[in-house]
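Asker: Take a look and give me a structure for this.
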Amino acid sequence: MEIRKFRSEYKLELIPASHAGIFLGDLVWDPILGPPDFSRKGMPNTIYTAFLDAGLMDDADWEKFKQENQDTPLVDAHFATRHVDVNAEFISELQHPKIGKISEELKTEKLSKFTFRNLQMREMDDLMRIKIDRFLEQMKASHWSDYDGSIRRVYLITELYYGTLRMLIEKQFSTELEASMQKVDLRASGKSEGSHAVEYEFSHDNVPFAMRIERVRNFNG
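Answerer: Next comes the predicted model:
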């Protein structure tokens with residue numbers, strides 16, 4: 001499945017600047033135009049920070065709730081397809097860290113194909129959703145100004161999607177690519193050579209490429 005179709009069919013958002021520090025419960029500003037933004041003036045970085053700032057939990061509870069979502073296990077994503085193709089022209093928009101390292105060193109027109117395979121996900125469980133919902137109700141009732149001013153209009157990450165990255169390149173460019181990989185200290189977890197092309201595989205290293213977000217004001221446990 002092509003990545004734009006994947007996004008529209010499953011109602012997911014691509015993460016414009018992926019990194020390993022994105023977790024369930026993080027807050028996102030989703031503008032009408034442009035990519036989602038993880039940082040905005042006056043917006044807490046996570047839903048738990050919003051509850052901490054409002055005095056609804058202490059530092060110990062904040063750490064506990066945040067850790068619970070960070071420790072959510074990876075499971076197979078049950079999609080109709082187990083891989084997502086990325087058009088080479090789309091690479092600069094995605095800004096996945098490993099893609100970025102490669103594309104900065106090697107012209108993208110030399111890359112035949114990018115694919116996310118072996119798709120996995122982390123999903124906020126029902127108990128955590130209920131806990132968040134209860135805190136939101138408390139915040140609406142007793143800290144409306146905090147709720148309305150900082151999080152009512154933003155979105156909450158409830159699912160994160162990961163995949164091993166496979167890259168196909170014509171054999172004539174493989175030496176150049178490997179030199180570029182060495183230069184940026186990028187290591188492939190697998191390599192398969194055919195008669196005309198070479199395929200490289202890279203582990204996701206807990207870097208998600210897509211997410212499901214829900215607007216806080218409509219959130220339901």
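
Asker: partners of the longest strand anywhere in the chain in the sheet?
Answerer: Counting residues, the longest strand found in the chain (DSSP state E) is strand 155-170. Take DSSP bridges as the rule and strand 155-170 pairs in its sheet with strand 27-28 (antiparallel), strand 111-123 (antiparallel), strand 197-202 (antiparallel), strand 210-215 (antiparallel).

Asker: Report the beta-bridge partners for the closest residue to residue 112 other than its chain neighbours.
Answerer: What sits nearest to residue 112 in space, not counting adjacent residues and going by CB to CB, 6 or more residues apart in numbering, is residue 168, at 4.4 Å. Placement of C-beta: from N, CA and C, glycine included. Following DSSP bridges, residue 168 is listed with bridge partners residue 113, residue 199.

Asker: related to what we said a few turns ago, the strands paired with strand 155-170: which one's closest to residue 81?
Answerer: strand 111-123 (8.1 Å; CB to CB).

Asker: rewinding a little: quick one, which of the strands paired with strand 155-170 is nearest to residue 38?
Answerer: strand 27-28 (5.9 Å).

Asker: Show me what the closest one is in contact with.
Answerer: 13, 36-38, 43-47, 50, 151, 154-157, 211, 213, 216 (CB atoms under 8 Å, 6 or more residues apart in numbering).

Asker: What mean pLDDT does that strand get?
Answerer: If you average the pLDDT over strand 27-28, you get 95.

Asker: What is the subsequent helix or strand relative to it?
Answerer: Next along the chain after strand 27-28, taking DSSP states H and E as the criterion, comes helix 47-53.

Asker: Sweet, I'm off.
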